[in-house]
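Colleague: compute the structure for the input listed below.
(one chain, ligands or ions: 1)
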Amino acid sequence: MDSLAIDASAKATAQHWLDAFSKALASGDKQAIAALFAGECFWRDILAFDWDLRMMTGALKIAERLLSHVAKTAPREFQLAKDRTPPRVVMRAGTDCIEALFTFESEVGPCNGVVRLVPENGTYRAWTLATLLDEIRGHEDPANGKRWQNVDWKRNFGGENWADRREKAKAYADRDPAVLVVGAAQAGLMIAARLSMLGIDTLTIDREQRIGDSWRRRYHALTLHNETRVNHLPYMPFPRSWPVFIPKDMLANWFELYVEAMELNVWSGTELTKARWDEEAKRWTVTLKRPDGSERIMHPRHVVFCNGVSTIPKMPDLPGLKEFKGTVSHSGKYGSGLDWVGKKALVLGTGTSGHDVAQDLAVSGAAEVSIIQNGQTLIVSLKEAQAPYALYDEDISFEDKDLIAASFPFPIYQRSHQRITKMNAENDKTLLDGLVKRGFKLTSGPQGDGWQIMYGRRGGGYYFDAGCSQMIVDGKVGLIQYGDIERFCAEGARMKDGTVKQADLIVLATGYLGQKEAVRPLLGDEITDRIGPVWGFDEEGELKGMWRPTGQPGLWFLAGGLAQCRIYSKVLALQIKAREIGIV
Ligand SMILES: Cc1cc2nc3c(=O)[nH]c(=O)nc-3n(C[C@H](O)[C@H](O)[C@H](O)COP(=O)(O)OP(=O)(O)OC[C@H]3O[C@@H](n4cnc5c(N)ncnc54)[C@H](O)[C@@H]3O)c2cc1C
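Modeller: Alright, predicted model coming up:
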């Protein structure tokens with residue numbers, strides 16, 4: 001830090017900056033606004049100044065953009081957030097700063113803000129600023145305190161009771177929903193809950209027979225890799241008695257419970273088979289295949305695809321694989337290692353699924369298991385992999401944790417992950433050295449930015465070591481470099497040195513095609529090509545086509561880990577609500 005030590009009251013400093021910011025915005029003085037920002041500065045806006053997610057860099061550019069939106073947004077009543085985490089000194093991405101939560105009003109409704117102030121040239125200036133729309137005025141989420149007063153079930157003798165009304169709401173006998181959500185796993189259920197709370201008629205469908213089956217059908221040994229304290233669904237946190245890492249079936253059962261408790265309209269065993277956009281009527285015509293084989297045509301105004309990033313398996317056409325006499329299975333279809341006791345297996349792929357499958361086979365009693373690596377992989381121990389969630393250990397409310405998590409502009413998020421990744425590698429040194437000794441090829445991501453940014457860029461390429469890496473080090477799971485394989489053959493893999501690696505089973509842990517390719521057969525090429533890119537970061541560091549408008553009106557995507565879905569389902573719900581009430 002420079003000479004100006006943060007010993008003065010963080011609150012007074014934050015209040016001073018906020019007053020000056022409010023005044024400068026009202027005056028329309030570009031230089032005055034710019035002067036409030038530090039030499040290195042970023043602004044992330046989530047729906048507060050514009051109906052999109054945007055990130056700006058540089059004091060003048062930020063000032064210009066703020067001013068260009070002031071007339072429409074009419075930001076006012078800036079104040080430090082009441083009854084929330086007070087301004088305090090924290091370290092973010094290696095920088096000491098004063099972090100302050102504030103609120104303001106806009107033409108649309110109440111907004112939240114997070115500013116991080118650093119000392120520069122004798123005063124405190126904004127290093128990062130985040131502004132986020134919280135609610136649409138007049139359409140507030142009733143869960144924010146008012147619900148219990150508003151909903152009053154009368155004893156309706158001779159009339160419909162709650163159960164009758166739920167059945168009617170779910171049946172859609174004489175109406176169509178405003179929103180169709182495709183996929184009733186975590187992303188689908190969270191957006192359905194958010195939309196329903198905002199009073200939007202939402203039907204969620206899933207081709208699986210039972211809610212939660214997308215998790216139940218994954219391999220037997222699967223347990224989540226991120227800790228329960230970070231993973232809560234909105235409105236209904238997991239019980240405090242739950243384990244640190246949730247087993248897959250436990251999560252699946254929670255989804256069923258969530259549907260009932262949140263009064264969501266879900267049709268399971270129902271598949272979206274076709275969707276066409278009517279530009280004139282501004283609505284979709286969707287064909288739903290029901291469990292009895294019948295079809296139902298509906299006309300929702302919005303379709304939200306929560307069809308998963310792990311839906312269509314990537315099945316590479318590898319030389320000689322068709323000649324293999326044993327079983328070839330994608331990791332998504334792999335069941336349990338107990339089916340392969342005494343047998344030999346090759347697992348192609350060194351991401352999470354590849355490692356988990358190899359470990360499951362080895363501990364279940366397979367005679368020989370080798371994992372095949374093609375390229376480089378980031379390895380981080382399960383313990384170290386929780387480091388990005390340190391925010392969730394802070395003694396502040398869960399709501400504030402989510403707000404702070406969403407407030408980081410990409411460059412700071414990236415810097416933070418670079419630091420974490422470096423620290424992880426130091427703490428995991430023994431394990432990583434052991435892997436290198438075995439010939440395992442390691443990476444820390446393209447710019448050393450670690451697993452979370454790899455997930456955002458390509459959806460994988462890393463493994464949180466839940467034991468398999470040590471098994472590779474110890475030789476309990478063999479390691480083969482793909483480059484050393486000549487081709488696959490009837491018995492297994494023929495190596496370039498002429499030997500044959502025998503196998504009864506080859507598991508392709510080769511990942512999945514993206515969400516966009518999964519919708520192509522349903523939407524056709526014309527609409528799919530109009531959507532634009534989905535997933536991966538844009539030049540401002542925001543995810544492309546995810547929880548924000550796509551190139552196709554009325555078409556949205558939501559995906560990601562549980563925490564991401566919780567935070568950004570709200571962002572998406574607000575955008576759909578705004579369109580439904582005609583303010584966008
Ligand atoms: C092995 C494995 C381990 C993982 N571990 C973790 C973890 O620890 N933590 C974490 O946060 N994430 C983890 N993930 C990532 C995981 O995929 C996602 O977090 C989660 O499953 C994504 O949820 P989702 O709702 O986006 O999609 P999914 O769970 O994939 O669900 C998509 C749903 O859409 C339905 N669907 C698709 N198309 C249609 C259609 N046309 N009509 C009707 N229904 C349709 C499918 O049936 C499915 O139920 C893991 C993934 C895998 C494969």
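Colleague: when you work out contacts or count neighbours from here on, use the C-alpha atoms and nothing else.
Modeller: Fine.
Colleague: thought Phe408 was touching Arg44?
Modeller: Yes. Applying Cα atoms under 8 Å, one finds Phe408 in contact with Arg44, separated by 7.2 Å.
Colleague: over to the closest residue to Ser353 other than its chain neighbours: give its phi and psi.
Modeller: By the measure of Cα to Cα, 6 or more residues apart in numbering, the closest residue to Ser353 outside its immediate chain neighbours is Ala509, 5.9 Å from it. Ala509 has phi and psi values of phi -100, psi 60 when expressed as degrees, to the nearest 10.
Colleague: gap between Ala509 and the ligand?
Modeller: Shown here: Ala509 relative to the ligand, a distance of 9 Å by Cα to the nearest ligand atom, to the nearest Å.
Colleague: Glu167 now?
Modeller: Distance, Glu167 to the ligand, using Cα to the nearest ligand atom: 21 Å.
Colleague: mind listing what's buried in the host helix or strand of Leu522?
Modeller: With the criterion set as DSSP states H and E, the secondary-structure element containing Leu522 is helix 515-531. Of the residues in helix 515-531, those buried by neighbour count under the rule 16 or more other Cα atoms under 10 Å are 515-519, 522-523, 527-528, 531.
Colleague: about what we covered before: of Phe408 and Arg44, who's got more company?
Modeller: Each of Phe408 and Arg44 had its neighbours counted (other Cα atoms under 10 Å), and the higher figure belongs to Arg44 (27 against 24).
Colleague: isn't that one right next to Ala130, touching?
Modeller: Yes. The criterion here is Cα under 8 Å, and Arg44 meets it with Ala130 at 4.7 Å.
Colleague: any residues in contact with both of those two?
Modeller: Each of 407-409 lies in contact with both Arg44 and Ala130 under the rule Cα atoms under 8 Å, 6 or more residues apart in numbering.
Colleague: who touches stretch 442-453?
Modeller: Applying Cα under 8 Å, 6+ apart, the external contacts of stretch 442-453 come out as 376-379, 414-415, 417-422, 432, 436, 454, 460-462.
Colleague: that one: end-to-end distance?
Modeller: Between the opening and closing residues of stretch 442-453 lies a distance of 16 Å (Cα to Cα, to the nearest Å).
Colleague: just checking, what packs against the helix or strand encompassing Arg165?
Modeller: Under the assignment given by DSSP H and E, the secondary-structure element containing Arg165 is helix 162-171. Secondary-structure packing of helix 162-171 (3 or more Cα pairs under 8 Å, 6 or more residues apart in numbering; DSSP states H and E): strand 265-268.
Colleague: is the ligand within reach of the strand it packs on?
Modeller: No. Applying Cα under 6 Å from any ligand atom, one finds strand 265-268 separated from the ligand by no less than 8.1 Å.
Colleague: C-terminal to that strand, what's the next element?
Modeller: strand 271-278.
Colleague: which helix or strand in this protein has the lowest average pLDDT?
Modeller: Within the chain, no helix or strand scores below helix 147-150, which has a mean of 55 by mean pLDDT, DSSP states H and E.
Colleague: on that earlier part again, and the next element down the chain from the helix holding Leu522?
Modeller: Past helix 515-531, further along toward the C-terminus, the next helix or strand under DSSP H and E is strand 555-557.
Colleague: so that following strand, near the ligand or not?
Modeller: No. Using Cα under 6 Å from any ligand atom, we find that strand 555-557 stays clear of the ligand, coming within 9.2 Å at best.
Colleague: gap between stretch 366-382 and the chain center?
Modeller: Relative to its parent chain, stretch 366-382 has a centroid offset of 25 Å by Cα atoms, centre = their mean, to the nearest Å.
Colleague: what comes up buried for that stretch?
Modeller: 366, 368-374, 376-382.
Colleague: quick one: end-to-end length of it, please.
Modeller: Using Cα to Cα, first and last residues of stretch 366-382 are 24 Å apart.
Colleague: just the buried ones among the contacts of stretch 442-453, please.
Modeller: Taking 16+ other Cα under 10 Å as the criterion, what is buried in the contacts of stretch 442-453 is 376-379, 414-415, 417-418, 420-421, 432, 454, 460-462.
Colleague: from the residues you listed, which land in helices?
Modeller: 414-415, 417-418, 420-421, 432, 454 (DSSP state H).
Colleague: from those, pick the one nearest Lys333.
Modeller: Looking at these and their distance to Lys333, the nearest is Met454, at 24.5 Å (Cα to Cα).
Colleague: list the contacts of that closest one.
Modeller: When the contact criterion is Cα under 8 Å, 6+ apart, the partners of Met454 are 445, 460-462.
Colleague: low-scoring stretches of the stretch 151-300 of the chain, by residue?
Modeller: In the prediction, the stretch 151-300 of the chain carries residues with pLDDT under 70 at positions 151-153.
Colleague: which residues of it fall in strands?
Modeller: 179-182, 202-206, 265-268, 271-278, 283-289, 295-298 (DSSP state E, counting those that start in this stretch).
Colleague: how close does Ala573 get to the ligand?
Modeller: Following Cα to the nearest ligand atom, the distance that separates Ala573 from the ligand is 16 Å.
Colleague: how about Thr13: what's its closest non-neighbour residue?
Modeller: Leaving out its chain neighbours, Thr13 is closest to Tyr124 (Cα to Cα, 6+ apart), at 7.4 Å.
Colleague: same check, this time on His355
Modeller: The shortest distance from His355 to any non-neighbouring residue, by Cα to Cα, 6+ apart, is to Cys468 (5.9 Å).
Colleague: so which two of the buried residues of helix 515-531 are the farthest from each other?
Modeller: Gln515 and Ile527 (14.1 Å).
Colleague: related to what we said a few turns ago, next, the angle strand 202-206 makes with the helix holding Arg165.
Modeller: Going by axes from the mean of the first three to the mean of the last three Cα atoms, to 10 degrees, helix 162-171 is angled at 70 degrees with respect to strand 202-206.
Colleague: what's in contact with helix 162-171?
Modeller: Where contact means Cα under 8 Å, 6+ apart, the residues beyond helix 162-171 that reach it are 153, 203, 263, 265-267.
Colleague: now swap in stretch 353-371 and tell me
Modeller: Contacts of stretch 353-371 with the rest of the structure, by Cα under 8 Å, 6+ apart, involve 219, 221-222, 331, 334, 336-338, 340-350, 463, 466-469, 471, 476-480, 507-510.
Colleague: thank you kindly, that will do.
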